[in-house]
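**Q** model the structure of this input:
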Amino acid sequence: MNLLSYIVLGLALSIPVGPINVEMIKRGIKSGFWHSWAVGLGGMSADVVLMILIYIGISSFLTAPLAQFILWVFGFAILSYLGYESIRDAFKNVIISDGIQSVSKWRCFISGFLIAISNPLNIVFWVGIYGSVLTTTLTNVHSSYALLYSSFIFIGIALWDLTVATSVHFGRKFLNQKFIKWLSIGAGLVLIGFGISFAFQAVTVIFQLMSSG
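**A** You can find the predicted model right below:
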């Protein structure tokens, strides 16, 4: 793989709608570019942690049934809470300003980090797809450069996050309170939906552990 292909891979993997994109849109409409971008940075920071963990060989632990169960439960708890928070905040008046909001950028960053680090599907990607990418990279370059080369995936992720944050920032000025209210409710339901799907996966893992025991 050449460097451009890593960037394209990062871009392609970021485009499908998931919890991070939902949170970026919600925060961006309420508070503007920097709050939306902070969510994206939080998500990328979690991805960096996961990428390094896979690079040093922790993938075997993350694919163990007990670890998967813990991850599914953690993902359910985090996303369900963020979904509840989104629905709760939908019934408060939102003043669309130039980014001066009660919610800090740091809190948005933490939200993005927690969503990404607790999302088992995200972990599955880093274990599966990135594991394959890393293997391919190691066949073409020295191991000391493999992490550097594969980190170009984050350029693609960052490009997509910038696109989302910029689009939402300029588009939010044309939105009214009613639309923002229902968007917050919809975003909350989507996050809770992801959380519930994670809970089902946790139950499935429990049954698998019981049957194998």
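
**Q** correct me, but Phe154 touches Leu9?
**A** No. Counting by Cβ atoms under 8 Å, Phe154 stays clear of Leu9, with 10.5 Å between them. C-beta here means a position set from N, CA and C on the backbone, and glycine is covered the same way.

**Q** what sits in contact with each of these two?
**A** Overlap of the contact sets of Phe154 and Leu9 (by Cβ atoms under 8 Å, 6 or more residues apart in numbering) is empty.

**Q** need phi/psi at Ser104.
**A** For Ser104, the backbone dihedrals (degrees, to the nearest 10) come out as phi -80, psi 160.

**Q** quick check: next helix or strand after the worst-scoring helix or strand of the chain on mean pLDDT?
**A** Least confident element among the helices and strands of the chain, by mean pLDDT, DSSP states H and E: helix 59-62 (a mean of 63). For helix 59-62, the following helix or strand on the C-terminal side (DSSP states H and E) is helix 65-90.

**Q** packing partners for that following helix?
**A** helix 19-31, helix 59-62, helix 105-118, helix 120-140, helix 177-212 (3 or more Cβ pairs under 8 Å, 6 or more residues apart in numbering; DSSP states H and E).

**Q** the ones you listed: lowest mean pLDDT?
**A** In terms of average pLDDT, helix 59-62 trails the rest of the helices and strands packed on helix 65-90, at a mean of 63.

**Q** surely Ser14 meets Asp161?
**A** Yes. Applying Cβ under 8 Å as the test, Ser14 and Asp161 come out as touching, 6.9 Å apart.

**Q** using a markdown table, please lay out the helices and strands packed on helix 65-90 together with mean neighbour count and distance to Trp37.
**A** Converted to a markdown table, these look like this (neighbours: other Cβ atoms under 10 Å; distance: least, Cβ to Cβ, whole Å):
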| stretch | mean neighbour count | distance to Trp37 |
| --- | --- | --- |
| helix 19-31 | 26 | 8 |
| helix 59-62 | 14 | 28 |
| helix 105-118 | 21 | 8 |
| helix 120-140 | 16 | 19 |
| helix 177-212 | 16 | 17 |
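
**Q** and Ser86, which of the ones you listed is closest to it?
**A** helix 177-212 (3.4 Å; Cβ to Cβ).

**Q** what residues does Gly18 make contact with?
**A** Here Gly18 is in contact with 119, 121, 194 (Cβ under 8 Å, 6+ apart).

**Q** between those residues, which sits nearest Ser111?
**A** Asn119 (12.3 Å).

**Q** for that closest one, list the residues it contacts.
**A** 18-19, 75, 79, 194.

**Q** what's the distance between it and Glu23?
**A** 11 Å (Cβ to Cβ, to the nearest Å).

**Q** what's the answer for Ile52, then?
**A** From Ile52 to Glu23 the distance is 23 Å (Cβ to Cβ).

**Q** how about Leu79?
**A** Distance from Leu79 to Glu23, by Cβ to Cβ: 10 Å.

**Q** and if you look at Trp37?
**A** For Trp37, the distance to Glu23 - Cβ to Cβ - is 12 Å.

**Q** who does the host helix or strand of Ser167 touch, helix- and strand-wise?
**A** Per DSSP H and E: Ser167 is located in helix 153-171. Using 3+ Cβ pairs under 8 Å, 6+ apart, the elements in contact with helix 153-171 are helix 3-14, helix 19-31, helix 33-55.
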